[in-house]
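**Student:** Everything below, folded, please.
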Amino acid sequence: MKYIIIGLGHFGSSLGQKLTTMGHEVIGVDPDMGKVEACKTYMTHTVCMNPSEPESVASLPVPSADAVVVCIGMNEGANILATAVMKQMKAKHLICRAISPLHRTILEAMHVDDIVYLEEETAHRWARKLNVKGLLDSYEITNEFSIVEVLVPKRYVGKTLAELSLRNNHNVLVLATVKLIEESNAIGVTRKTKQVKEMASATTVLEEGTVMVLYGRMKDIEAVL
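**Tutor:** Residues are numbered from 1 along each chain as shown. Model (predicted):
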(Lines give C-alpha, C1' and ligand atoms only; values in the text may rest on other atoms or scores of the structure.)
Protein backbone atom coordinates (compact mmCIF):
# COMPACT_ATOMS: atom_id res chain seq x y z
CA MET A 1 0.00 0.00 0.00
CA LYS A 2 1.05 3.61 -0.49
CA TYR A 3 1.11 6.19 2.31
CA ILE A 4 2.05 9.86 2.43
CA ILE A 5 3.33 11.16 5.77
CA ILE A 6 3.15 14.96 6.17
CA GLY A 7 5.49 16.14 8.94
CA LEU A 8 8.56 14.13 9.94
CA GLY A 9 8.79 14.89 13.64
CA HIS A 10 8.92 12.12 16.26
CA PHE A 11 5.45 10.78 15.47
CA GLY A 12 5.63 11.11 11.68
CA SER A 13 9.13 9.65 11.34
CA SER A 14 8.31 6.71 13.66
CA LEU A 15 5.07 5.96 11.79
CA GLY A 16 6.82 6.16 8.42
CA GLN A 17 9.63 3.87 9.56
CA LYS A 18 7.23 1.22 10.87
CA LEU A 19 5.07 1.28 7.73
CA THR A 20 8.17 0.97 5.52
CA THR A 21 9.40 -1.97 7.61
CA MET A 22 6.03 -3.63 7.04
CA GLY A 23 6.64 -3.47 3.29
CA HIS A 24 4.55 -0.44 2.34
CA GLU A 25 5.55 2.42 0.06
CA VAL A 26 5.95 5.56 2.18
CA ILE A 27 6.52 9.12 1.00
CA GLY A 28 7.70 11.42 3.79
CA VAL A 29 7.22 15.18 3.40
CA ASP A 30 8.64 18.00 5.53
CA PRO A 31 9.84 21.59 4.93
CA ASP A 32 12.91 20.94 7.14
CA MET A 33 15.75 19.49 5.07
CA GLY A 34 17.44 18.14 8.21
CA LYS A 35 14.41 15.97 9.02
CA VAL A 36 14.11 14.85 5.39
CA GLU A 37 17.77 13.79 5.33
CA ALA A 38 17.41 11.97 8.66
CA CYS A 39 14.48 9.90 7.36
CA LYS A 40 15.64 9.09 3.84
CA THR A 41 17.51 5.93 4.86
CA TYR A 42 14.40 4.16 6.19
CA MET A 43 11.54 5.51 4.05
CA THR A 44 10.80 4.75 0.40
CA HIS A 45 10.92 8.44 -0.58
CA THR A 46 11.46 11.69 1.33
CA VAL A 47 10.73 15.13 -0.09
CA CYS A 48 11.57 18.60 1.21
CA MET A 49 8.62 20.89 0.47
CA ASN A 50 6.06 23.10 2.20
CA PRO A 51 2.89 20.96 2.55
CA SER A 52 0.79 24.09 3.10
CA GLU A 53 1.36 25.35 -0.45
CA PRO A 54 -0.75 23.69 -3.18
CA GLU A 55 1.86 24.53 -5.83
CA SER A 56 4.59 22.74 -3.86
CA VAL A 57 2.67 19.49 -3.25
CA ALA A 58 1.05 19.28 -6.70
CA SER A 59 3.62 16.63 -7.68
CA LEU A 60 2.64 14.30 -4.81
CA PRO A 61 0.45 11.28 -5.75
CA VAL A 62 -2.21 12.26 -3.19
CA PRO A 63 -5.30 10.88 -5.05
CA SER A 64 -3.67 7.46 -5.56
CA ALA A 65 -2.32 7.11 -1.99
CA ASP A 66 -4.21 4.70 0.26
CA ALA A 67 -3.93 7.21 3.10
CA VAL A 68 -2.41 10.61 3.84
CA VAL A 69 -1.38 11.23 7.46
CA VAL A 70 -0.84 14.82 8.59
CA CYS A 71 1.52 14.48 11.57
CA ILE A 72 2.53 18.13 12.02
CA GLY A 73 2.79 18.92 15.73
CA MET A 74 3.09 22.18 17.70
CA ASN A 75 2.07 24.43 14.79
CA GLU A 76 -1.72 24.16 14.56
CA GLY A 77 -1.92 26.66 11.72
CA ALA A 78 0.48 24.69 9.52
CA ASN A 79 -1.38 21.48 10.38
CA ILE A 80 -4.77 22.93 9.39
CA LEU A 81 -3.42 24.46 6.16
CA ALA A 82 -1.76 21.17 5.16
CA THR A 83 -5.00 19.34 5.95
CA ALA A 84 -6.99 21.76 3.78
CA VAL A 85 -4.55 21.25 0.90
CA MET A 86 -4.80 17.45 1.19
CA LYS A 87 -8.63 17.72 1.19
CA GLN A 88 -8.44 19.92 -1.90
CA MET A 89 -6.21 17.33 -3.60
CA LYS A 90 -8.86 14.63 -2.97
CA ALA A 91 -6.99 12.48 -0.45
CA LYS A 92 -8.69 9.06 -0.39
CA HIS A 93 -8.31 8.62 3.37
CA LEU A 94 -7.13 11.56 5.47
CA ILE A 95 -5.76 11.08 8.98
CA CYS A 96 -4.67 14.08 11.04
CA ARG A 97 -2.97 14.65 14.34
CA ALA A 98 -4.85 17.00 16.70
CA ILE A 99 -2.81 19.16 19.07
CA SER A 100 -5.56 20.66 21.24
CA PRO A 101 -9.30 20.23 21.86
CA LEU A 102 -10.04 23.30 19.69
CA HIS A 103 -7.82 21.93 16.91
CA ARG A 104 -9.67 18.62 17.11
CA THR A 105 -13.00 20.45 16.74
CA ILE A 106 -11.72 22.26 13.64
CA LEU A 107 -10.56 18.97 12.09
CA GLU A 108 -13.94 17.41 12.81
CA ALA A 109 -15.62 20.38 11.08
CA MET A 110 -13.35 19.74 8.08
CA HIS A 111 -14.68 16.15 7.95
CA VAL A 112 -11.27 14.53 8.36
CA ASP A 113 -11.62 10.73 8.22
CA ASP A 114 -9.64 9.95 11.38
CA ILE A 115 -8.16 12.15 14.11
CA VAL A 116 -5.19 11.14 16.27
CA TYR A 117 -5.03 12.95 19.60
CA LEU A 118 -1.82 11.51 21.04
CA GLU A 119 -1.73 13.44 24.31
CA GLU A 120 -5.30 12.58 25.29
CA GLU A 121 -5.01 8.92 24.23
CA THR A 122 -1.69 8.47 26.05
CA ALA A 123 -2.97 10.16 29.21
CA HIS A 124 -6.10 7.97 29.15
CA ARG A 125 -4.07 4.76 28.78
CA TRP A 126 -1.66 5.74 31.55
CA ALA A 127 -4.48 6.75 33.88
CA ARG A 128 -5.95 3.27 33.45
CA LYS A 129 -2.57 1.63 33.89
CA LEU A 130 -1.88 3.51 37.14
CA ASN A 131 -5.41 2.99 38.42
CA VAL A 132 -5.67 -0.78 37.90
CA LYS A 133 -2.98 -2.92 39.51
CA GLY A 134 -1.61 -5.55 37.12
CA LEU A 135 -2.81 -3.79 33.96
CA LEU A 136 0.05 -3.41 31.43
CA ASP A 137 -1.70 -1.84 28.44
CA SER A 138 -5.19 -1.19 27.09
CA TYR A 139 -7.00 -0.38 23.88
CA GLU A 140 -10.46 1.14 24.07
CA ILE A 141 -12.79 -0.22 21.39
CA THR A 142 -15.87 1.72 22.59
CA ASN A 143 -16.63 3.74 25.71
CA GLU A 144 -17.68 0.46 27.31
CA PHE A 145 -15.50 -2.33 25.87
CA SER A 146 -11.70 -2.65 25.81
CA ILE A 147 -8.91 -5.08 25.03
CA VAL A 148 -6.27 -5.09 27.77
CA GLU A 149 -3.04 -6.83 28.69
CA VAL A 150 -2.78 -7.89 32.35
CA LEU A 151 -0.35 -9.90 34.41
CA VAL A 152 -1.80 -13.24 35.49
CA PRO A 153 -2.97 -12.81 39.12
CA LYS A 154 -1.18 -15.17 41.54
CA ARG A 155 -4.44 -16.86 42.53
CA TYR A 156 -4.92 -17.98 38.90
CA VAL A 157 -1.44 -19.49 38.43
CA GLY A 158 -1.53 -23.20 37.57
CA LYS A 159 -5.22 -23.19 36.70
CA THR A 160 -6.80 -23.74 33.29
CA LEU A 161 -9.22 -21.29 31.71
CA ALA A 162 -11.89 -23.98 31.92
CA GLU A 163 -11.43 -24.10 35.72
CA LEU A 164 -11.60 -20.32 36.07
CA SER A 165 -14.51 -19.88 33.64
CA LEU A 166 -13.90 -16.13 33.45
CA ARG A 167 -16.47 -15.69 30.70
CA ASN A 168 -19.28 -17.18 32.80
CA ASN A 169 -18.16 -15.74 36.14
CA HIS A 170 -17.07 -12.25 35.06
CA ASN A 171 -18.23 -11.85 31.44
CA VAL A 172 -14.58 -11.46 30.35
CA LEU A 173 -13.08 -13.27 27.37
CA VAL A 174 -9.42 -14.41 27.34
CA LEU A 175 -8.06 -13.99 23.80
CA ALA A 176 -4.44 -15.11 24.23
CA THR A 177 -1.57 -15.57 26.64
CA VAL A 178 1.72 -13.75 26.17
CA LYS A 179 5.18 -14.58 27.48
CA LEU A 180 7.59 -11.82 28.55
CA ILE A 181 11.11 -12.48 27.25
CA GLU A 182 14.25 -10.54 28.14
CA GLU A 183 16.35 -9.48 25.13
CA SER A 184 19.51 -7.41 24.83
CA ASN A 185 19.82 -4.55 22.37
CA ALA A 186 22.92 -3.54 20.40
CA ILE A 187 24.57 -1.90 23.42
CA GLY A 188 23.79 -4.74 25.81
CA VAL A 189 20.82 -3.19 27.62
CA THR A 190 18.14 -5.77 28.43
CA ARG A 191 14.44 -5.11 27.99
CA LYS A 192 11.31 -7.23 28.10
CA THR A 193 9.59 -8.07 24.81
CA LYS A 194 6.28 -9.85 24.28
CA GLN A 195 5.82 -13.16 22.48
CA VAL A 196 2.39 -14.70 22.00
CA LYS A 197 2.48 -18.03 23.78
CA GLU A 198 -0.81 -19.39 22.42
CA MET A 199 -4.32 -18.45 21.45
CA ALA A 200 -6.49 -19.09 24.45
CA SER A 201 -8.52 -22.29 24.80
CA ALA A 202 -10.24 -24.14 27.63
CA THR A 203 -7.07 -26.20 28.27
CA THR A 204 -4.71 -23.18 28.49
CA VAL A 205 -2.81 -23.29 31.80
CA LEU A 206 -1.96 -19.89 33.24
CA GLU A 207 1.69 -19.55 34.31
CA GLU A 208 3.33 -17.12 36.71
CA GLY A 209 4.84 -14.06 35.03
CA THR A 210 2.80 -14.41 31.84
CA VAL A 211 0.28 -11.95 30.44
CA MET A 212 -3.38 -12.46 29.56
CA VAL A 213 -5.04 -10.53 26.73
CA LEU A 214 -8.61 -9.87 27.85
CA TYR A 215 -11.71 -8.47 26.17
CA GLY A 216 -14.67 -7.04 28.04
CA ARG A 217 -15.99 -4.13 30.08
CA MET A 218 -13.37 -2.40 32.25
CA LYS A 219 -15.46 -2.85 35.40
CA ASP A 220 -15.57 -6.63 34.75
CA ILE A 221 -11.85 -6.77 33.97
CA GLU A 222 -11.11 -4.92 37.23
CA ALA A 223 -13.19 -7.55 39.04
CA VAL A 224 -11.00 -10.28 37.51
CA LEU A 225 -7.87 -8.53 38.83
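
**Student:** what sits against the closest residue to residue 61 other than its chain neighbours?
**Tutor:** On the basis of C-beta to C-beta, 6 or more residues apart in numbering, the spatially nearest residue to residue 61 that is not a chain neighbour turns out to be residue 2, at 7.1 Å. C-beta here means a position set from N, CA and C on the backbone, and glycine is covered the same way. Counting by C-beta atoms under 8 Å, 6 or more residues apart in numbering, residue 2 touches 24-27, 61, 64-66.

**Student:** any idea how far residue 2 is from residue 193?
**Tutor:** Going from residue 2 to residue 193 by C-beta to C-beta, to the nearest Å gives 30 Å.

**Student:** Going by neighbour count, which of the contacts of residue 2 are buried?
**Tutor:** For the contacts of residue 2, a burial check counting by 16 or more other C-beta atoms under 10 Å picks out 25-27, 65.

**Student:** which one of the residues you listed sits closest to residue 88?
**Tutor:** When the buried ones among the contacts of residue 2 are compared for distance to residue 88 (C-beta to C-beta), residue 65 comes out closest, at 14.4 Å.

**Student:** Which of the three states applies to the closest one?
**Tutor:** coil (DSSP: H, G, I helix; E, B strand; the rest coil).

**Student:** now the closest residue to residue 84 other than its chain neighbours: how far from residue 161?
**Tutor:** With C-beta to C-beta, 6+ apart as the criterion, residue 84 has its nearest non-adjacent residue at 7.1 Å, and that residue is residue 110. Residue 110 sits 46 Å away from residue 161, going by C-beta to C-beta.

**Student:** Neighbour count: those two, which is higher?
**Tutor:** Each of residue 110 and residue 161 has its neighbours counted (other C-beta atoms under 10 Å); residue 161 has more, 20 against 15.

**Student:** Would you enumerate the residues in contact with the more buried one?
**Tutor:** Residue 161 sits next to 174, 200-204, 206 when contact means C-beta under 8 Å, 6+ apart.

**Student:** for residue 175, same thing?
**Tutor:** By C-beta under 8 Å, 6+ apart, the neighbours of residue 175 are 147, 199-200, 213-215.

**Student:** 10 Å instead, please
**Tutor:** Neighbouring residues of residue 175 by C-beta atoms under 10 Å, 6 or more residues apart in numbering: 147, 149, 196, 199-200, 212-215.

**Student:** pretty sure it is in a strand, no?
**Tutor:** Yes. Assignment of residue 175 by three-state DSSP places it within a strand.

**Student:** which residues does the closest residue in space to it that isn't next to it in sequence bridge with?
**Tutor:** With sequence-adjacent residues excluded and distances taken as C-beta to C-beta, 6+ apart, residue 175 is closest to residue 213, at 4.5 Å. Residues in a beta bridge with residue 213, per DSSP bridges, are residue 149, residue 176.

**Student:** Residue 213 contacts residue 221, doesn't it?
**Tutor:** No. Using C-beta atoms under 10 Å, residue 213 is not in contact with residue 221, being 11.0 Å away.

**Student:** Just say helix, strand or coil for residue 216.
**Tutor:** When classified by three-state DSSP, residue 216 comes out as strand.

**Student:** Ignore what I typed, I meant residue 8.
**Tutor:** From three-state DSSP, the assignment for residue 8 is coil.

**Student:** could you pull out the strands for this protein?
**Tutor:** Here the chain has its strands, by DSSP state E, at 2-6, 25-30, 45-48, 67-70, 94-97, 114-116, 135-140, 145-151, 173-184, 190-199, 211-217.
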